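>>> Sequence first, then the predicted structure, then my questions.
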Amino acid sequence: MRWDVFTWAAVALLLFAAETMAPGAFMLWLGFAAVVVFLGTLLVPGIPLLAQVTAFVVLSFISIQVYRTWFRNREPQSDRPALNRRTAALVGRAVPLERAIVQGRGRVQIADAYWDVTGPELPAGTQVRIVGAEGMTLVVESLA
């Protein structure tokens, strides 16, 4: 077996193995480019090394662009996009103030968690709507 054919087969297998160890779809497409160069060197003997490497680089670029254009944006959208963004998931809820808002700061209880809030001066027990978030602090406004 010729060394260039063997080398491209090994490169393709190593790239596929790297993809399985650290999935992210990047090495997969480089592996596809290496497979094409492997097939080219297998079927057409005598291709210069510089041409093989150039073909690999060009095919890698093309295959990654194919992935970015057609496959990356076709991933299914989540039915719960705010799942890991807890404050965003709370926007729109109406809750009573647990502690009055004094000097712009207060507190609400949602389920078993207490959240700091900012908003207009309001007494404890007032129904407020969560309208936004700044970090881990909720922004509220009065429902009345």
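All right, it came through fine. Numbers count the residues shown, from 1 in each chain.

>>> I'd like the distance between the residue of the chain most remote from its centre and D4.
Relative to the centre of the chain, the most outlying C-alpha is that of G46, 43.1 Å out, by C-alpha atoms, centre = their mean. To D4, G46 is 10 Å away according to C-beta to C-beta, to the nearest Å. Quick note: C-beta positions are derived from backbone N, CA and C, even for glycine.

>>> As a check, name the ranges of all strands in this structure.
Assigned by DSSP state E, the chain shows strands spanning 94-102, 105-110, 113-118, 127-134, 137-142.

>>> Take the ones you listed and lay them out in TSV including mean neighbour count.
Converted to TSV, the strands of the chain look like this (neighbours: other C-beta atoms under 10 Å):
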stretch	mean neighbour count
strand 94-102	16
strand 105-110	17
strand 113-118	16
strand 127-134	16
strand 137-142	18
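
>>> ok, back up a step: next one: the residue farthest from the centre of the chain from A12, what distance?
20 Å.

>>> number of nearby residues for L30?
Neighbour count for L30, taken as other C-beta atoms under 10 Å: 23.

>>> thought it was touching V57?
No: shown here, L30 and V57 do not form a contact pair, counting by C-beta atoms under 8 Å, at 10.0 Å.

>>> roughly how far out does stretch 46-64 sit from the chain middle?
In terms of C-alpha atoms, centre = their mean, to the nearest Å, the centre of stretch 46-64 is found 29 Å from the chain centre.
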